[in-house]
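In: Make a model of this:
(chains A, B, C and D)
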Amino acid sequence: MLWAAGFLIVAGIFFFAVGVLGVLRFPDFYTRLHAAGKCDSLAAVLVIVGIALYNLADFSPSNLLVSFKILAIAAFVFIASPTATHAVTEAALIIGVEPWTKKDEPQ
Amino acid sequence: MKLLQERVKDRPAGENLIIRTAVRLMIPFIQLYGLYVIVHGHYSPGGGFQGGVVLGASFILLALAYDLRTSLRFMSERVNAVLGNVGVLIYTGTGLLCALLGGLFLDYSALDRILPLGPVEWRSLGIFVVEVGVGIAVMSIMTSLFWDLGSGGEMDEGL
Amino acid sequence: MAKAATFFIMLTFWILMSGMFDAFHLSLGVVSCLLVTLFSHKLLFYGEPRRSWLKSFPGMMLYLPWLFWQIVVANLQVAYIVLHPRMLDLIDPCLIRFNTCLKRPISKVTLAQSITLTPGTITVNIHENEFTVYALTRSAAEALPGEMERRVGRALEPTS
Amino acid sequence: MMEYLFLGCGIALLLLMALCLVRVVGGPTILDRILGGNVIGTKTTVLLLIIGVLYDNVSMFVDIAIAYALLNFIATLGAAKYFLRNRNLPGE
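Out: The predicted model follows:
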């Protein structure tokens, strides 16, 4: 159980790092959204589930309830993160941020 | 791209199916969480103020996802004003009652004279009552602040 | 009906969250659940036929693990793109449109959220039956709607 | 052993948040800044949980983390809604 929790947490940190690198490296706003919105939500869910498993390692009823609460955060992130991404995308569309396309790249 | 922009511009600002549905499914849980934070104020972090902020945030979320009119349908301005005053009244009323019964302001052990439960129990119960009052007041003031700022005081069109 | 269902869902959530089972806190929980039910019973079951929520529950439970697996796979692809030194050669952003045959609003929203959660694609807009999706690479764009739409349909649409 | 893992993860998250701050400070458009703020907020939620594990008091920090995630979501949605209403980019 502890090893599974540790593995999940390390994987989550890896995806967080990928998300941040994506935010820094991608060329325009829309592509940055891909890295920011999604890598982050998966990473957050992985780390949160890992912490819930770690919390269950010394088993007791109150720890079980705390783990349920931690999983509730995961469910919340799972619903809220794509909604926020969608809202920001539509706002960018409205104010007319131009997307980066392949043609703009000088050959 | 252009077609899409036109389409989004033509639509009224509250007409977003995705945001609406997600917010609709979340709000009851958020309200319950706010009440939980208020009620469990003396065992866990939080208490009246934080719970009130979460409760007010649920109404703000409703106004953001739909529009001001919808949030006014769930919580009318009159009810909101009454709730704010009731919250403050609970807080000062408890404090004054303690003072009238011979203690200091908000000295809950004085309430022991009404119903002898023991000063320790009265202290915990008194904190609970005061926190409920603070929570209600904070919720009402958060909501009405957002309504007034979001609509410029006109209350018909807004954020 | 909607009120009772909301009340029981809220009460379950309260008991899971509270962790205190003395009479004082439980009665406060019941009062809180009643308040929430009073304020927002219209929100949780909004304009839906009554039994559809219960009926679609097992379908959702079957759908979520598959979705999670898809998210992990797609995330690994995005990680490959991000960590590649010549990243700009790999990406080719484009907007695509497709029509869906899903009827219920909730299943449309589920499909849109699934598309957004899968890296490489973002749902930009839903207009009637038309989805607009912004994709990071051509291959991610071509894989839509396909498998995901069929699975959402099987999980949430009424089988007539 | 696990404590060191959690400590390392916390420090790594802090470093990643500092990197995100680059995007917040120097983002070309205002939406980039909002996005950076949102990313930092998600990391903060996780960081709060890790701090809870380190202090051996998870049940307390969970409540704070839930409230933080909620307020982060509302902030992003509110900012997006502002631009949906106003329809122009300020300060550019």
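
In: Run through the residues of chain C sitting next to chain D.
Out: Chain C comes close to chain D at residues C:G19, as judged by C-beta under 8 Å from any C-beta of the partner chain. C-beta coordinates here come from the backbone N, C-alpha and C atoms, glycine included.

In: any residue of the helix or strand containing B:R73 up close to chain D?
Out: Using DSSP states H and E, B:R73 maps to helix B:68-74. No. If you take C-beta under 8 Å from any C-beta as the test, helix B:68-74 misses chain D, and the best it gets is 11.7 Å.

In: Okay, buried residues for that helix please.
Out: Buried residues in helix B:68-74, counted by 16 or more other C-beta atoms under 10 Å in any protein chain shown: B:68, B:71-72, B:74.

In: Same check on stretch C:34-44?
Out: By neighbour count on 16+ other C-beta under 10 Å, the buried set for stretch C:34-44 is C:36-37, C:39-41, C:43-44.

In: what about C:T123, helix or strand, and which?
Out: Taking DSSP H and E as the criterion, C:T123 maps to strand C:121-127.

In: average pLDDT across that strand?
Out: The predicted model assigns strand C:121-127 a mean pLDDT of 79.

In: And the next helix or strand past it?
Out: Next helix or strand after strand C:121-127 toward the C-terminus (DSSP H and E): strand C:130-135.

In: quick revisit: orientation of the strand holding C:T123 relative to strand C:130-135 in degrees?
Out: The directions of strand C:121-127 and strand C:130-135 differ by 160 degrees, with axes from the mean of the first three to the mean of the last three C-alpha atoms, to 10 degrees as the criterion.

In: strand partners of strand C:121-127, parallel vs antiparallel please.
Out: Strand C:121-127 pairs in its sheet with strand C:130-135 (antiparallel), by DSSP bridges.

In: Any buried residues in the partner strand, and which?
Out: C:131-135.

In: Which secondary structure element of the chain has the lowest mean pLDDT?
Out: Just so you know, I chose chain A. Scoring the helices and strands of chain A by mean pLDDT, DSSP states H and E places helix A:29-33 at the bottom, with a mean of 81.

In: what packs against the following helix or strand past that helix?
Out: Downstream of helix A:29-33, the next assigned helix or strand under DSSP H and E is helix A:40-55. Applying 3 or more C-beta pairs under 8 Å, 6 or more residues apart in numbering or on different chains; DSSP states H and E, one finds that helix A:40-55 contacts helix A:2-25, helix A:61-95, helix C:57-83, helix D:30-54.

In: I'd like those helices written out as TSV, with mean neighbour count added.
Out: Below are these laid out as TSV (neighbours: other C-beta atoms under 10 Å in any protein chain shown):
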stretch	mean neighbour count
helix A:2-25	20
helix A:61-95	21
helix C:57-83	16
helix D:30-54	22
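
In: May I see those helices organised as JSON lines, with mean pLDDT added?
Out: Below are the helices and strands packed on helix A:40-55 laid out as JSON lines (pLDDT from 0 to 100):
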{"stretch": "helix A:2-25", "mean pLDDT": "87"}
{"stretch": "helix A:61-95", "mean pLDDT": "85"}
{"stretch": "helix C:57-83", "mean pLDDT": "83"}
{"stretch": "helix D:30-54", "mean pLDDT": "88"}
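
In: rewinding a little: quickly check: the helix holding B:R73 near chain C or not.
Out: Yes. For helix B:68-74, a contact with chain C is found by C-beta under 8 Å from any C-beta, at B:F74.

In: That helix packs against which elements?
Out: Where contact means 3+ C-beta pairs under 8 Å, 6+ apart, helix B:68-74 is packed against helix B:48-65, helix B:119-151, helix C:23-44.

In: of all those, which lies closest to C:M60?
Out: Nearest to C:M60, of all those, is helix C:23-44, at 15.3 Å by C-beta to C-beta.

In: So what touches the closest one?
Out: With C-beta atoms under 8 Å, 6 or more residues apart in numbering or on different chains as the contact definition, helix C:23-44 has outside contacts at B:24-25, B:27-28, B:31-32, B:35-36, B:39-40, B:74-75, C:2-3, C:5-7, C:9-11, C:14-15, C:18, C:20.

In: now do stretch C:104-114
Out: So stretch C:104-114 is contacted by A:79, A:82-83, A:86, B:17-18, B:21-22, C:48, C:52, C:67, C:70, C:100, C:102, C:123, C:126, C:131, C:145, C:148-149, C:152-153, C:155-158 (C-beta under 8 Å, 6+ apart).

In: Mind giving me the PyMOL select for the residues you listed, buried ones only?
Out: To isolate the buried members of the contacts of stretch C:104-114 in PyMOL, using 16+ other C-beta under 10 Å:
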select buried, (chain A and resi 79+82+83+86) or (chain B and resi 18+21+22) or (chain C and resi 67+70+100+102+123+126+131+145+148+149+152+153+155+156+157)
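
In: do the helix or strand where B:R78 lies and chain C meet at all?
Out: B:R78 is part of helix B:77-100 when elements are defined by DSSP H and E. No. Against chain C, helix B:77-100 shows no contacts by C-beta under 8 Å from any C-beta, the least distance being 10.3 Å.

In: Centre of the chain to that helix, how far?
Out: In terms of C-alpha atoms, centre = their mean, to the nearest Å, the centre of helix B:77-100 is set 14 Å apart from its chain centre.

In: Could you report the neighbour count for the residue of chain B found nearest chain C?
Out: Nearest residue of chain B to chain C (C-beta to the nearest C-beta) works out as B:L35 at 4.0 Å. B:L35 has 24 neighbours, counted by other C-beta atoms under 10 Å in any protein chain shown.

In: how about it, phi and psi?
Out: The phi/psi pair for B:L35 (degrees, to the nearest 10) reads phi -60, psi -40.

In: Show me which residues of chain B sit near chain D.
Out: By the rule C-beta under 8 Å from any C-beta, the part of chain B lying against chain D is B:9, B:13, B:19, B:30, B:33, B:37, B:44-46, B:50, B:54, B:57, B:60-61, B:64-65, B:159.

In: returning to what we had before: and the two most separated of the buried residues of strand C:130-135?
Out: Farthest apart among these by C-beta to C-beta are C:F131 and C:A135. That separation is 11.6 Å.

In: on that earlier part again, Throw together a ChimeraX command that grabs the buried residues out of the residues of chain B next to chain D.
Out: Filtering the residues of chain B next to chain D down to the buried ones (16+ other C-beta under 10 Å) takes a single ChimeraX command:
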select /B:13,19,30,33,37,44,46,50,54,57,60,61,64,65,159
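
In: and stretch D:33-51, is it in reach of chain A?
Out: Yes. Using C-beta under 8 Å from any C-beta, stretch D:33-51 reaches chain A at D:34-36, D:38-39, D:42-43, D:45-46, D:49-50.

In: which among those residues gets closest to A:K69?
Out: When those are ranked by distance to A:K69 (C-beta to C-beta), D:L49 comes first, at 10.3 Å.

In: Verify the stated contact: that closest one with D:I64.
Out: No. D:L49 is not in contact with D:I64 according to C-beta atoms under 8 Å; the separation is 9.3 Å.

In: With only the CA atoms kept, save stretch C:62-75 in CSV.
Out: The C-alpha coordinates for stretch C:62-75 follow below in CSV (Å, rounded to 0.1, in the frame of the first residue of the first chain):
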residue,chain,number,x,y,z
LEU,C,62,-18.3,1.5,-16.1
TYR,C,63,-17.4,4.6,-18.1
LEU,C,64,-15.2,6.4,-15.6
PRO,C,65,-12.3,3.8,-15.4
TRP,C,66,-12.1,3.7,-19.2
LEU,C,67,-12.0,7.5,-19.2
PHE,C,68,-9.3,7.6,-16.6
TRP,C,69,-7.2,5.2,-18.6
GLN,C,70,-7.7,7.3,-21.8
ILE,C,71,-6.6,10.4,-19.8
VAL,C,72,-3.4,8.7,-18.6
VAL,C,73,-2.5,7.5,-22.2
ALA,C,74,-3.2,10.9,-23.7
ASN,C,75,-1.2,12.6,-20.9
